[in-house]
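Fold the following, please.
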Amino acid sequence: MAGRSSLLEAELTCPVCRDIYRDPEELRAALKPLQTKLKVFNRVKQTWEQTAEHIKSQAKQTEKQIQSDFEMLHLFLRYEEDKRLAALRAEECDKTQMVKKKIETLTLGISNLLSKIRLIQQKLGAEGVSFLMSKVEDPGKFSGALINVAQHLGNLKYRVWESLADDIEYTPVVLDPNTACPHLSLTNNLTSVRYTTRRQLPDNPERCGIYTCVLGSEGFCAGKHYWDVGVKGKTSWILGVAKESIDRKEEFSMIPAGGVWTVEQCYGSYRANTLPATPLRVRRKPERIRVQLDWDRGELSFSDLSHNTLLYTFKHRFTEKVFPIFCCGSDSIPLYIFSVKVNVK
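Sure, this is the predicted structure:
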């Protein structure tokens, strides 16, 4: 031990270091927390490296989805363009045919008149022509022969937009993939989620780490909001809202005291997650649940739209932003958010 200590002193040239680190045990004691810290740094670095790769994957997938959505818009616009050009060509054809027939009729009438004139001139002389011609009616005037340009061009952009608006779906809540538990798979339009095999995802702070949950992308801190969720065929689910500040990495309590207001189904049993739990009387299995939040009044209601039944209402004075929360259990049947018709005119 003395030899190693002497060797250490010889290696240390700084007088302060020689005074502090005379004993190898002291060095080992100083080394251990540094090694622990190094592991933490390496683990965090690995997380950031995974995040960098995931960003590339997200960007690629999002780009594909944007291109796909805009291609649908392009297809719609091309369809609308073709439809309107076809209508224009059809009208052009109809009007052209009508004018041709009018010209043919007039040409025939002119030919007949010329024949009569020549015949009369030969037999009676020119002085009797005006008397006979006065009995021949003039060709009638007709309207509507020209292309109805105003019909084709008037408010064209508005009418195309109006047609597009009829086909647009609006979903009041969009799921946030950055909050989804690694066991969850979301559809490309971010309106449906189901349980699946665990995926390699960055362990970012927003992501739920314990429960098979995903949050809505937009939180609410005022006003009235509602969203309808399809639960048909599922054996378990949890729906409601959670405050923004919950620790998503830990096993947070699914009760108001934990900042979460939810109802759930678990293999045929229904309850509101209060303390203690409040059993819900459900006669027939719901297929569509409406979650209705009135943040200002402090009310969160759950209704079974399938059978027009109110299930439960929480009353609480909300003090921070809350996010829709969806837990879909471990069966493979998806939860999905219904789109709604909105008046965008």
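
Give me the buried positions along stretch 331-342.
Of the residues in stretch 331-342, Ile333, Pro334, Leu335, Tyr336, Ile337, Phe338 count as buried by neighbour count, 16 or more other CB atoms under 10 Å. (Glycine included, C-beta is placed from N, CA and C.)

er, stretch 242-250 I mean
Ala242, Lys243, Ile246, Arg248.

got those as JSON lines, with distance to Ala30 columns?
Listed next are these as JSON lines, based on distance: CB to CB, whole Å:
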{"residue": "Ala242", "distance to Ala30": "43"}
{"residue": "Lys243", "distance to Ala30": "43"}
{"residue": "Ile246", "distance to Ala30": "38"}
{"residue": "Arg248", "distance to Ala30": "36"}
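
still on that earlier bit, return the subset of the buried residues of stretch 331-342 lying in strands.
Judged by DSSP state E, strands contain the following of the buried residues of stretch 331-342: Leu335, Tyr336, Ile337.

What's opposite Thr309 in the beta bridge?
In this structure, Thr309 bridges to Asp304 when assessed by DSSP bridges.

Roughly how far does it sit from Arg290?
10 Å (CB to CB, to the nearest Å).

returning to that earlier point: can you redo the ones in strands among the buried residues of stretch 331-342 as JSON lines with distance to Thr187?
Putting these into JSON lines (distance: CB to CB, whole Å) gives the following:
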{"residue": "Leu335", "distance to Thr187": "11"}
{"residue": "Tyr336", "distance to Thr187": "8"}
{"residue": "Ile337", "distance to Thr187": "10"}
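
picking that back up, quick check: neighbours shared by Thr309 and Arg290?
By CB atoms under 8 Å, 6 or more residues apart in numbering, Thr309 and Arg290 have these common neighbours: Ser303.

any chance of the buried residues of stretch 331-342 in TSV, plus distance to Leu184?
As requested, these are arranged in TSV below (distance: CB to CB, whole Å):
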residue	distance to Leu184
Ile333	13
Pro334	10
Leu335	10
Tyr336	13
Ile337	14
Phe338	19
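
Which two of those residues have the greatest separation?
Ile333 and Phe338 (15.7 Å; CB to CB).

Appreciated, that's everything.
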